[in-house]
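Peer 1: sequence plus the predicted model coming up.
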Amino acid sequence: MLIEKYQPKKLEDVISQREVIRGIEKWLDEWKKGESLLIYGPTGTGKTLIPKLIAKRRRLNIFEINTSEELNANSIREILKPAIKEKSLIGDRLILIDGIDGISSSDRGGTAEIAKMLRESQYPIILIASDAYNPKLKTLRLYSKLLKIRKIRSDFIERKLIKIARKERLKINIRTIREIARNSDGDIRSAINDLEIASLESIGQREKEKTIFDTLKVIFKSQDLKAVLVAIRSCDKDIEEIFWWVEQNICNEFEDPEEVSAAFDLLSKADIFRNKIAETQNFRFKKYMRDLVAGVSMVKKRPYHKFVSYKPPDRLVTLGRTKSYRNEMDKIHGKLGEVLHCSKRKVREQMPYLEIILGDNIKDF
């Protein structure tokens, strides 16, 4: 894919972030034990890539972890303790903790443990976040120098896309490239992804709207990633619904346990972005979710030519069966919300208690 082919391999290839590069290098030169660097800003701007390229140039050994809801204080301690104390056999080390604002809010000890680790670390630690002022990071801010990375200007993105288009001989006009750059919102990764999809559409490779069954055939039977991306984009279903269809049918299609494992591993990563969309309402994550679902097509060692009757997701079948009940409950929640002066969501959370209190009288609503 173009996003992988044109990912910067050295610092000179990074566009529009010279100030950030200088800031990181200055911090490394002046680093004192007990202080971390917290780099924050929007996606697709190089927050994670730039420290890695700097480490590569300085011949530092990167030790990287990515925080998630699955990491708690104990697991963070187990992962980081050896890295902050043990000497590296291949030179100095740079510790990179990505997605730090994604750590579980239910585990308050997680950030406290990281703060303890960075105070004890014999090596510099760089933290990566989207929002440095997330309440979960209050403790870490006390021990960190903050460095904001800004969105990449659309004119810089436009120039980069034009270079790629010319080098790849893509049949796409300048006006479309300019529109992609403006709509990217400073995210170079999503812009390159959009360029690739737009180039496929412009040369007539996008087919008419596909049913979900047509799309599943391409995902499971093909090993052409570009064709899979076009099929997903052309499907009459949203990427979230495609996600559930793929999950339901992986075991029906793949026979090799390693392929099944790899496919579900990709879907687990796609599910992280699916939850991020629900939590933040940032629908730009759908692009990354789409790419990970498309990657399921590449895990098979060879295409399967057998016939498979693709089944609808159990989740959607259950929702369909309970639709009338859920509609009825939604009305009750709305009426109770008006009486109690609160939202439907709050009523839904308290419903088990209300059912006990009101008993059969709840039907009066």
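Peer 2: That came through, no problem.

Peer 1: which parts of the stretch 101-250 of the chain are helices?
Peer 2: For the stretch 101-250 of the chain, the helices defined by DSSP state H, counting those that start in this stretch occupy 109-120, 138-141, 154-168, 174-183, 188-202, 212-221, 225-234, 239-253.

Peer 1: swap in the stretch 251-365 of the chain?
Peer 2: According to DSSP H, counting those that start in this stretch, the helices that the stretch 251-365 of the chain contains are 257-280, 285-294, 314-321, 323-340, 344-358.

Peer 1: so residue 77, which state does it fall into?
Peer 2: Using DSSP: H, G, I helix; E, B strand; the rest coil, the structure places residue 77 in helix.

Peer 1: quick check: closest non-adjacent residue to it.
Peer 2: Spatial nearest neighbour of residue 77, excluding adjacent residues (C-beta to C-beta, 6 or more residues apart in numbering): residue 113 at 5.5 Å. (Glycine included, C-beta is placed from N, CA and C.)

Peer 1: tell me how many other residues crowd the one you found.
Peer 2: Using other C-beta atoms under 10 Å, residue 113 has 21 other residues around it.

Peer 1: ok so, going back, which of the helices of the stretch 101-250 of the chain sits closest to residue 18?
Peer 2: With respect to residue 18, and counting by C-beta to C-beta, the nearest of those is helix 154-168 at 11.3 Å.

Peer 1: pull out the buried positions in the closest one.
Peer 2: Going by neighbour count (16 or more other C-beta atoms under 10 Å), the buried part of helix 154-168 is 154, 157, 158, 160, 161, 162, 164, 165.

Peer 1: out of the residues you listed, which is nearest to residue 185?
Peer 2: The closest of these, once distances to residue 185 are taken by C-beta to C-beta, is residue 154, at 8.8 Å.

Peer 1: in terms of helices and strands, where is residue 94?
Peer 2: Secondary-structure element containing residue 94, defined by DSSP states H and E: strand 93-98.

Peer 1: can I get the CA coordinates of that strand in PDB?
Peer 2: Backbone C-alpha positions of strand 93-98 (Å, rounded to 0.1, in the frame of the first residue of the first chain) are rendered in PDB as follows:
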ATOM      1  CA  ARG A  93      17.800   3.000  24.900                       C
ATOM      2  CA  LEU A  94      14.800   5.200  24.300                       C
ATOM      3  CA  ILE A  95      11.500   4.100  25.900                       C
ATOM      4  CA  LEU A  96       8.400   5.100  23.900                       C
ATOM      5  CA  ILE A  97       4.900   4.700  25.500                       C
ATOM      6  CA  ASP A  98       2.300   5.300  22.800                       C
END
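
Peer 1: list the helices and strands that strand packs on?
Peer 2: Judged by 3 or more C-beta pairs under 8 Å, 6 or more residues apart in numbering; DSSP states H and E, strand 93-98 is in contact with helix 49-57, strand 61-66, helix 73-85, strand 125-129.

Peer 1: tell me the strands beside that strand, with direction?
Peer 2: Take DSSP bridges as the rule and strand 93-98 pairs in its sheet with strand 61-66 (parallel), strand 125-129 (parallel).

Peer 1: rewinding a little: would you single out the least confident of the helices of the stretch 101-250 of the chain?
Peer 2: For the helices of the stretch 101-250 of the chain, the weakest mean pLDDT is recorded on helix 188-202, namely a mean of 78.

Peer 1: would you mark the buried spots in that one?
Peer 2: Buried residues in helix 188-202 (16+ other C-beta under 10 Å): 188-200.

Peer 1: JSON lines for the residues you listed, including distance to residue 229?
Peer 2: Shown next, in JSON lines, are the buried residues of helix 188-202 (distance: C-beta to C-beta, whole Å):
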{"residue": "188", "distance to residue 229": "18"}
{"residue": "189", "distance to residue 229": "14"}
{"residue": "190", "distance to residue 229": "13"}
{"residue": "191", "distance to residue 229": "15"}
{"residue": "192", "distance to residue 229": "13"}
{"residue": "193", "distance to residue 229": "9"}
{"residue": "194", "distance to residue 229": "11"}
{"residue": "195", "distance to residue 229": "12"}
{"residue": "196", "distance to residue 229": "8"}
{"residue": "197", "distance to residue 229": "6"}
{"residue": "198", "distance to residue 229": "11"}
{"residue": "199", "distance to residue 229": "11"}
{"residue": "200", "distance to residue 229": "8"}
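
Peer 1: tell me which of the helices and strands packed on strand 93-98 sits most buried.
Peer 2: Among these, strand 125-129 has the highest mean neighbour count (mean count of other C-beta atoms under 10 Å), at a mean of 26.

Peer 1: now do that strand: distance to the chain's middle.
Peer 2: A distance of 17 Å separates the C-alpha centroid of strand 125-129 from that of its chain, computed with C-alpha atoms, centre = their mean, to the nearest Å.

Peer 1: can you list the domains in this protein?
Peer 2: Following automatic domain parsing, the chain resolves into domains at 17-148, 219-313, 322-364.

Peer 1: done for today, thanks.
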